[in-house]
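Engineer: sharing a sequence plus its predicted fold:
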Amino acid sequence: MGIGVPNPALSSQYFKSLPVITGTASDNYAIRKSTPVEISILDNTNSKYWLGSGWSDPGAARTWLPLTLTSTWTYTTAGWITPNIQYYVYARSWDRANNFSTTYSTAVFVYDNQAPASILLLPPTQTGVTWENSLLTISGTAQDNSQGQVKTVSYAIKNMTTKKWWSGSDGKFNVSSTTGAWNSVPSNQITNHTGYSNGSYVDWYVNTNLPTTSMLTTGTTYAFCAQAGDAVSPANVQTVFSTGTFTWM
């Protein structure tokens, strides 16, 4: 007996779009004709089983849902799949002698269509702040929902006079864009926050590929933006950015 999930592969663990779950069944003799496949869906976050039209009480016994089978079986996610929940889907098959598979095929995944959020801590994000030192570090935090995982953080810097964005690779304010020029925070500078085992809350910093003092103009205002992405493929990426401005003095 096998269980499969539409692309991306089951090993992805996180999904932002999952209209159906699918699988196959086989036997060394013959699969039972009537309801040869059963699945059980556990909301592991709340310890509830899907009954077909609602959820069991927390801690109730496992419920099996019968399915028909052609070459594969499918089950729609409409009505039961909810963001920020970890699900276990178990599948078993029956043969014509009414024997069922005792080792269940199992899929574990989180349905996640919500982007994480990042917050700038340094430079300060208060409007009108003046900054008189070299810009050595940008830092902040990022947080996802309790079942999610912050995977990436990016930053962007804009010269508000020239309207050009900073390119970390070029070392210049030379990018014209209506959506920003995003520079990735290195993965080794994104650290899981103490007490959050799944990476849903991280600290991050950048201390390379930043404008030096000679690249910042006295009296000019600069805008800083930060955005975070999660572990879903393709990722849910923050669209309302954490933004701060300061005037270089």
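Structural biologist: Yep, that arrived.
Engineer: can you list the buried residues in stretch 208-223?
Structural biologist: Judged by neighbour count (16 or more other C-beta atoms under 10 Å), stretch 208-223 contains these buried residues: 210-211, 216, 221-223. Heads up, the C-betas are built off the backbone N, CA and C, glycines and all.
Engineer: so which of those is the closest to residue 115?
Structural biologist: Of all the buried residues of stretch 208-223, residue 223 has the smallest distance to residue 115: 20.5 Å, by C-beta to C-beta.
Engineer: beta partners for the closest one?
Structural biologist: residue 158, residue 245 (DSSP bridges).
Engineer: what of residue 41?
Structural biologist: Residues in beta-bridge contact with residue 41 (DSSP bridges): residue 89.
Engineer: could you list which residues are in contact with it?
Structural biologist: When contacts are counted by C-beta atoms under 8 Å, 6 or more residues apart in numbering, residue 41 touches 49-50, 65, 80, 87-90.
Engineer: 7 Å - rerun?
Structural biologist: 49-50, 80, 87, 89 (C-beta atoms under 7 Å, 6 or more residues apart in numbering).
Engineer: tell me the domain boundaries of the chain?
Structural biologist: What automatic domain parsing lists as the domains of the chain is 2-111, 117-248.
Engineer: how about the secondary structure of residue 214?
Structural biologist: Secondary structure for residue 214, judged by DSSP: H, G, I helix; E, B strand; the rest coil, is helix.
Engineer: and it, how far from residue 165?
Structural biologist: Between residue 214 and residue 165 the computed distance is 18 Å (C-beta to C-beta, to the nearest Å).
Engineer: in the protein, where is pLDDT below threshold?
Structural biologist: 1-12, 25-35, 69-71, 95-99, 101-102, 124-134, 194-199 (pLDDT under 70).
Engineer: what backbone torsions are found at residue 164?
Structural biologist: phi -100, psi 140 (degrees, to the nearest 10).
Engineer: isn't it right next to residue 177, touching?
Structural biologist: No. Using C-beta atoms under 7 Å, residue 164 is not in contact with residue 177; the gap is 9.0 Å.
Engineer: ok, those two, which is more surrounded?
Structural biologist: With neighbours defined as other C-beta atoms under 10 Å, residue 164 and residue 177 compare such that residue 164 has more, 17 against 12.
Engineer: many thanks, have a good one.
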